[in-house]
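Visitor: Quick one: sequence and predicted model below, then my questions.
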Amino acid sequence: NEFEQLSAAKAHSEEIKTSRVGGLGGSDAAMVLKIGRNGLHALSNTDVKRLRVMLGLDEPCNFGGNAATEAGHSFEDYIADRLRLIYPLGYTREEKMIGEDFGAFKTFAHADFLTASKKVIECEFVQDTPQNVLAKYYAQLQWYYNLGADCVTLCHGVGNVEPFAVRDYKFLDVPRDEQEISDIREGLRLILEYCQNEQAGSAPVEVDMQAKQRKLV
């Protein structure tokens, strides 16, 4: 019922907030990718704040959501009813996928839907073209592969946010991108160096970009 859905959404939001301390999730994938491609000098003030929250040095922001967030939850409910017909073996919602533990932090993601065949379906209710939405969330979608997903699909919906109404939706399969995943892993390695130096009270590690480029050749 509606009350149970609201309670589950609130519990899920609280769980995500709690997990931001001690770990990097799918929403951090773009930051990790940026670091993997450009080095630690690419860290912005916002990125540093995020890493300090992860390390427990700063308090996490209390983001309670907005109309777009609520529409996103409603879209997931809308798609859930349709997925029951497509995946007779079933699926789990808001499944927490656990990746590598780096010691200073863990890696994880909350999959909107995870099927029995380890297929992730990520829902985005965004008023834009499917191509633009895919580009915006591409790092996050590849992040699932790094956590062990066998297949990843973007479910993009458009429509009215408030009051909520779906006009159209599309499923887009997202192929595994080995270069993107390699850059994400490099970013995680560099962030581990940063965390080790931060915890030791040292200055951030300076990255030898020429050495990094030689490694990628």
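Guide: Perfect, thanks for sending it. Numbering: from 1, shown residues only.

Visitor: So what touches stretch 165-184?
Guide: 29, 32-33, 36-37, 75, 78-79, 121, 125, 130, 134, 138-139, 141-143, 145-146, 151-160 (C-beta atoms under 8 Å, 6 or more residues apart in numbering). Every residue, glycine included, has its C-beta placed from N, CA and C.

Visitor: so residue 155 sits in a helix?
Guide: No: the assignment for residue 155, made by DSSP: H, G, I helix; E, B strand; the rest coil, is strand rather than a helix.

Visitor: Can you say which of the contacts of stretch 165-184 are buried?
Guide: The neighbour-count test (16 or more other C-beta atoms under 10 Å) applied to the contacts of stretch 165-184 identifies 29, 32-33, 36-37, 75, 78-79, 121, 125, 130, 134, 138-139, 141-143, 145-146, 151-159 as buried.

Visitor: Helices - which of those residues land there?
Guide: Applying DSSP state H to the buried ones among the contacts of stretch 165-184, the entries found in helices are 29, 32-33, 36-37, 75, 78-79, 130, 134, 138-139, 141-143, 145-146.

Visitor: quick check: angle from the helix or strand hosting residue 194 to helix 29-38?
Guide: Residue 194 belongs to helix 178-199 when assigned by DSSP states H and E. Between helix 178-199 and helix 29-38, the angle formed by their directions is 90 degrees, by axes from the mean of the first three to the mean of the last three C-alpha atoms, to 10 degrees.

Visitor: can you offset everything so residue one is 18?
Guide: In the new count, where the first residue is 18, that last one comes out as helix 195-216.

Visitor: average pLDDT across helix 195-216?
Guide: Looking at helix 195-216 alone, the average pLDDT works out to 95.

Visitor: Kindly report the same for stretch 71-83.
Guide: Average pLDDT, stretch 71-83: 80.

Visitor: what does that stretch contact?
Guide: 30, 34, 37-41, 66, 69-70, 121-122, 212, 215-216.

Visitor: Mind picking the two most distant members of those residues?
Guide: Farthest-apart pair in those is 30 and 216; separation 28.5 Å (C-beta to C-beta).

Visitor: In strands, which of the contacts of stretch 71-83 appear?
Guide: Using DSSP state E, the subset of those located in strands is 40, 41.

Visitor: Would you show me how to pick out the buried ones of the contacts of stretch 71-83 in ChimeraX?
Guide: To isolate the buried members of those in ChimeraX, using 16+ other C-beta under 10 Å:
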select :37,40,41,70,121,122,212,215
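
Visitor: Mind picking the one among the contacts of stretch 71-83 that's closest to residue 109?
Guide: residue 30 (17.7 Å).

Visitor: residue ranges with poor pLDDT in the protein?
Guide: When residues are selected by pLDDT under 70, those of the chain lie in 18-36, 79-81, 218-234.
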